[in-house]
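Undergrad: give me a model of this one.
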Amino acid sequence: MSSLISIALATYNGEKFLAEFLDSVYSQSYQNIEVIAVDDCSTDETEEILAKYKNTHGLKYEVNSENLGFIKNFEKVLSLCSGEYIALADQDDIWFPEKVATLLDNIGNHLLIHSDAILIDAKKNKIADSFTRFSNKKVRLTSFKNLLFYNNVTGCTSMIKKELIQKALPFPDKIIYHDWWLALVAAKYGNIQYLQEPFLYYRQHDNVSGGAEIMQLKPLISNSIFKGFLIDRYEKNLKFINWFQSIKTFFNIENANELKLINGMINYHNTFFTQRVRLSAFFIHLRYFKFMYPHYRLHTKILILFTSLIGLGKKLKTNSFKTPRS
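TA: Okay, the predicted model is just below:
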């Protein structure tokens, strides 16, 4: 008997593209699938679309009583999947008919398998034939150490084994992305496979990132020629402080080198915007630079190295700004 494949779908205000996505899922060449959806309090017609596909195709869905946010909502839908294998899904993509079958045929003894994708815009205009090349993802770097620093796995291209969910859930509160976390756990306890062929159209939208902390910092560096770079660096520092602390808490790491690395990076990111010259943090940064920024261009690497050595603490102190710590 063929294995049951769960399609894990976290929805939120997805009425515009959801039906097209579900049509592509139910047109898969591999038919032993269940679609499990959890809606995170949509205010549009998303729930009505889910109800329609429940009636016509047997889709299973729940609606949250309160908004959980994308990561926790995805955690919930993963916990509801009963298949031996689980394919991660976004509500606005279009799957090729052979996607599920090909990933299943190639997952083997890997905990996670993922593929390339064709990048399109909201109107289905092609942006790039390869999302991997477009985003310069280093998909062959799959060690735990590499994945501490950056993610090369795109969730909607992935299939995972049920046993990975048993190891990775519940998600820590302050992880950066759910697919990154799953990739990290897969690298820690098993291995990852990559297929270079695209098996879906991956829809790209215009997004604006920010937050209260970034808005606090912007006036302090508004006159700097590097202001965009510095804001980006500051935002990444806050995320990585939480990221490394979550990893340290979740994993019972016995490897002394890994523990030293994680503690060193927490210290480094905590002191990025301090007043003093940080030689110890700089040398930590220099030692692990190839793991942290394998896909950055030379001029960006030079800027990062410079700002890792010389902080902005004097100006921050003048403006009574304190770097948040957690």
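
Undergrad: scan the protein for its longest strand.
TA: If you go by DSSP state E, the chain has its longest strand at strand 192-203.

Undergrad: may I see the buried residues of that one?
TA: Buried residues in strand 192-203, counted by 16 or more other C-beta atoms under 10 Å: 192-195, 198-203. All C-beta atoms are positioned from the backbone trio N, CA, C, and that covers glycine.

Undergrad: average model confidence for that strand?
TA: Average pLDDT, strand 192-203: 97.

Undergrad: neighbouring strands for that strand, and are they parallel or not?
TA: Strand 192-203 pairs in its sheet with strand 94-95 (antiparallel), strand 112-120 (parallel), by DSSP bridges.

Undergrad: single out the most deeply packed of those strands.
TA: Of all the strands paired with strand 192-203, strand 112-120 has the most neighbours on average by mean count of other C-beta atoms under 10 Å, namely a mean of 24.

Undergrad: and that strand, average pLDDT?
TA: Here the average pLDDT along strand 112-120 is 98.

Undergrad: what's the answer for stretch 180-188, then?
TA: Stretch 180-188 carries an average pLDDT of 96.

Undergrad: where does the stretch 151-300 of the chain have low pLDDT?
TA: Within the stretch 151-300 of the chain, the segments meeting pLDDT under 70 span 206-233, 272-282, 284-285, 289-300.

Undergrad: how about the strands in it?
TA: Here the stretch 151-300 of the chain has its strands, by DSSP state E, counting those that start in this stretch, at 159-161, 192-203.

Undergrad: out of these, nearest to residue 263?
TA: Comparing the strands of the stretch 151-300 of the chain by their distance to residue 263 (C-beta to C-beta), the top pick is strand 192-203, with 25.5 Å.

Undergrad: pull the CA atoms of that closest one into PDB?
TA: Taking Å, rounded to 0.1, in the frame of the first residue of the first chain, the C-alpha atoms of strand 192-203 are listed here in PDB:
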ATOM      1  CA  ILE A 192      19.100  16.600   3.900                       C
ATOM      2  CA  GLN A 193      18.700  15.900   0.200                       C
ATOM      3  CA  TYR A 194      18.400  18.500  -2.500                       C
ATOM      4  CA  LEU A 195      16.900  18.100  -6.000                       C
ATOM      5  CA  GLN A 196      18.000  20.800  -8.500                       C
ATOM      6  CA  GLU A 197      14.800  20.400 -10.700                       C
ATOM      7  CA  PRO A 198      12.000  22.900 -10.000                       C
ATOM      8  CA  PHE A 199       8.600  21.400  -9.000                       C
ATOM      9  CA  LEU A 200       6.500  24.400  -8.400                       C
ATOM     10  CA  TYR A 201       5.900  28.100  -9.300                       C
ATOM     11  CA  TYR A 202       7.000  30.000  -6.200                       C
ATOM     12  CA  ARG A 203       5.100  33.300  -6.000                       C
END
